[in-house]
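> Here is the input, now give the coordinates:
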Amino acid sequence: MLKWMIGSLFVSLLALAGNLKLHLLHAEFVAAQHTAQRLQQENRQYVAMVLALRQQASRHDQALTALHTQQARIRVTHTHRITRIHAYDEIPALHQWATGHVPDAIVRLHTHPTFTHARDYAQRLSACDRLQAARKRPPHKR
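Residues are numbered from 1 along each chain as shown. Model (predicted):
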């Protein structure tokens, strides 16, 4: 009978160990499923990021192409303008006018003291050049 009890106990222990191993395997399986789901979600996010980055790179390439086109047009325009300017130098009267002395009246138009207040401006103007105060007009009658 003792043999039978030991054998029965051994079978029970084996069954218990089997159940424990089964529970451990099930827990590992559930953890592996959660890990797989998390990795799939991360993978979808990475794929979305890569797609967004590719679209952004495509837009940047288009913008860069447009900038290169604009730069080429500006270069052509600049070259054309420089050519025209050099052509003007070949006209003697225009060259003499451009390199000649500027009349004093014109120089005075471009030179004036720095004004820090409105009264400074008023003092600079001569009596005949001063701006007159705005007058009140009668209301418009229909």
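> Average pLDDT for the strand or helix carrying Thr77, rounded please.
Per DSSP states H and E, Thr77 falls inside helix 2-89. The pLDDT scores in helix 2-89 average 87.
> now stretch 94-103
pLDDT averaged over stretch 94-103 gives 81.
> Alpha carbons of it, in CSV - could you do that?
Coordinates of each C-alpha in stretch 94-103 appear next as CSV, following Å, rounded to 0.1, in the frame of the first residue of the first chain:
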residue,chain,number,x,y,z
LEU,A,94,24.9,109.2,-70.8
HIS,A,95,28.3,108.3,-69.4
GLN,A,96,29.2,111.9,-68.8
TRP,A,97,25.9,112.6,-67.1
ALA,A,98,26.2,109.5,-64.9
THR,A,99,29.8,110.3,-63.8
GLY,A,100,29.4,114.1,-63.7
HIS,A,101,28.9,116.6,-60.9
VAL,A,102,25.5,116.7,-59.2
PRO,A,103,24.1,120.2,-58.8
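> list the buried ones in it?
Buried residues in stretch 94-103, counted by 16 or more other Cβ atoms under 10 Å: none are found. In this view, the C-beta of every residue, glycine as well, is placed from N, C-alpha and C.
> Over to stretch 37-56?
Buried residues in stretch 37-56 (16+ other Cβ under 10 Å): none.
> circling back to that earlier point, would you mind pulling up the elements that the helix holding Thr77 packs against?
With contacts taken as 3 or more Cβ pairs under 8 Å, 6 or more residues apart in numbering; DSSP states H and E, helix 2-89 sits against helix 92-99.
> Contacts only, for Ala72.
Residues near Ala72 by Cβ atoms under 8 Å, 6 or more residues apart in numbering: none.
> Return the distance of it relative to Ile85.
As judged by Cβ to Cβ, to the nearest Å, Ala72 and Ile85 stand 21 Å apart.
> Nice, that's everything, thank you.
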